[in-house]
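In: Sequence isn't available, so here's the structure alone:
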């Protein structure tokens, strides 16, 4: 792709999110979401492959339906209340429709079916954008309308996302689909606590962005997209490969890595709200997620996959890792010692 076109698309992608984050009017927020969607469509279809075209079409249709539902819900709310302010969601029916529209955009279960298929047809950089940057604007809108939402409905969707994200990744050999179900599970953690403590949702989002970005940057450096390629990537860059297994443990929430921090404080908040059964279910679903992360680590570090003889020469390749990987790795695995300071800031 022409670098000038790429810069225009990435600038439009950033601008759309910034418009949504900075607006207090529903129409401006909708314009930002639409600009965001239209900017990522060419990035998704730039591979000129039928699988990429299929993924782009699925994404466009899903996001268009969610945007139309969001615009209809906000118009209906303005008809009832006479205001377009984001925080003024007083009527139940528009709020429910708006919540469903945002859940479709975020790929929260049971509106998650589009995400694994779309992710599997994209390259790793577009997957990274779709799983990180594209979550910011809908989640910010969800936090702003928090006071008018039905907390029972939101908690149910979050719990369902935890279970679907855990079960869905159990039998997946493709890393992109595993990361898609990981995104669904992490969004479940954010959703179950958004009605009680939005600050913890923001903390979970921050840690998720750090871990997912570092893992995708390592996958791009090692050029690995499935379990077999990952198992043979120790021949390319052994220190980076070893760190990748640690990042997988952090994604699963295993202490003492950074991924344990948001789960820890969210479980504390749920217990304070007298929701011990939900906290127990969340822990059980984390065990499911941790299982397929452990399976990846075991397959790649404790077994040697069958490989042709010429793959032994992969160490001769000159790899130029992204300089930001080091910082991302440190933040992804070493935030737990400073957790009191982080919680005080939140």
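Out: Looks like it arrived, so ask away. Computed from a predicted structure; not experimentally measured.
In: Select the longest helix from the protein.
Out: In the chain, taking DSSP state H as the definition, the longest helix is helix 50-81.
In: buried residues in that one?
Out: 52, 55-56, 58-60, 62-63, 66-67, 69-71, 73-74, 76-78 (16 or more other CB atoms under 10 Å). To be clear about C-beta, it is placed using only N, CA and C from the backbone, and glycine gets the same treatment.
In: could you pull out the helices for the stretch 201-346 of the chain?
Out: Assigned by DSSP state H, counting those that start in this stretch, the stretch 201-346 of the chain shows helices spanning 227-231, 238-251, 260-272, 276-301, 325-333, 339-345.
In: would TSV of those helices with distance to residue 47 be doable?
Out: TSV is the format used below for the helices of the stretch 201-346 of the chain (distance: least, CB to CB, whole Å):
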stretch	distance to residue 47
helix 227-231	18
helix 238-251	24
helix 260-272	34
helix 276-301	25
helix 325-333	24
helix 339-345	38
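In: so how far is stretch 133-140 off the chain centroid?
Out: Stretch 133-140 sits 9 Å away from the centroid of its parent chain (CA atoms, centre = their mean, to the nearest Å).
In: Just the mean pLDDT for that stretch, thanks.
Out: Stretch 133-140 comes out with an average pLDDT of 93.
In: hmm, who's touching it?
Out: The contact list for stretch 133-140, computed with CB atoms under 8 Å, 6 or more residues apart in numbering, reads 13, 16-17, 20-21, 29, 32-33, 36, 40, 102, 105-106, 183, 187, 190, 201, 205.
In: I'd like to know which of these are buried.
Out: Buried among these by 16+ other CB under 10 Å: 13, 16-17, 20, 29, 32-33, 36, 40, 102, 105-106, 183, 187, 190, 201, 205.
In: taking the residues you listed one by one, which sit in helices?
Out: Using DSSP H, these in helices are 13, 16-17, 20, 29, 32-33, 36, 40, 102, 105-106, 183, 187, 190, 201, 205.
In: dump the residue contacts of residue 242.
Out: Applying CB under 8 Å, 6+ apart, the residues contacting residue 242 are 234, 301.
In: any weak-confidence spans in the stretch 201-346 of the chain?
Out: 303-322 (pLDDT under 70).
In: one more time with 50
Out: Residue ranges of the stretch 201-346 of the chain with pLDDT under 50: 309.
In: ok, residue 116 to residue 72 distance?
Out: 27 Å (CB to CB, to the nearest Å).
In: need the contact list for the closest residue to residue 163 other than its chain neighbours.
Out: Spatial nearest neighbour of residue 163, excluding adjacent residues (CB to CB, 6 or more residues apart in numbering): residue 285 at 5.4 Å. By CB under 8 Å, 6+ apart, residue 285 lies in contact with 162, 163, 165, 166, 185, 188.
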